[in-house]
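Visitor: Just the structure for this:
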Amino acid sequence: MRGRKIGEQLVRQAVEDARREGISIIPLCPFAKAQIERHAEWQDVLRK
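Guide: From the prediction side, this is the model:
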């Protein structure tokens with residue numbers, strides 16, 4: 001599955017779900033955390 005951007009799609013969906021539900025997230029998964037750090041437009045859902 002490597003290289004097919006499936007992990008990125010999962011993180012994107014989690015971010016979209018968090019926005020829709022009006023909740024913030026704390027990414028415990030190192031992969032998810034790295035993806036969110038790479039995408040500045042996703043950082044609005046992070047719990048500070």
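
Visitor: burial of the residue nearest to Lys33 when sequence neighbours are not counted, as a residue count?
Guide: The shortest distance from Lys33 to any non-neighbouring residue, by Cβ to Cβ, 6 or more residues apart in numbering, is to Pro27 (4.1 Å). The C-beta positions use only the backbone N, C-alpha and C, and glycine is treated the same way. The tally of other residues near Pro27 (other Cβ atoms under 10 Å) stands at 19.

Visitor: so what's Pro27 up against?
Guide: Lys33, Ile36, Leu46 (Cβ atoms under 8 Å, 6 or more residues apart in numbering).

Visitor: can you do 10 Å?
Guide: Val11, Ala14, Val15, Lys33, Ala34, Gln35, Ile36, Glu37, Trp42, Val45, Leu46, Arg47 (Cβ atoms under 10 Å, 6 or more residues apart in numbering).

Visitor: least confident pick among the residues you listed?
Guide: Within these, pLDDT reaches its minimum at Arg47, with 91.

Visitor: any idea how far that residue is from Ile26?
Guide: 5 Å (Cβ to Cβ, to the nearest Å).

Visitor: ok, the contacts of Pro27 vs Gly3, which is closest?
Guide: Nearest to Gly3 among the contacts of Pro27: Gln35, at 14.7 Å, using Cβ to Cβ.

Visitor: contacting residues around the residue lying closest to Gln35 once chain neighbours are set aside?
Guide: Excluding the flanking residues, the one nearest Gln35 by Cβ to Cβ, 6+ apart is Val11, at 4.4 Å. Listed by Cβ under 10 Å, 6+ apart, the contact partners of Val11 are Ile25, Pro27, Cys29, Phe31, Ala32, Lys33, Ala34, Gln35, Ile36, Arg38, His39, Trp42.
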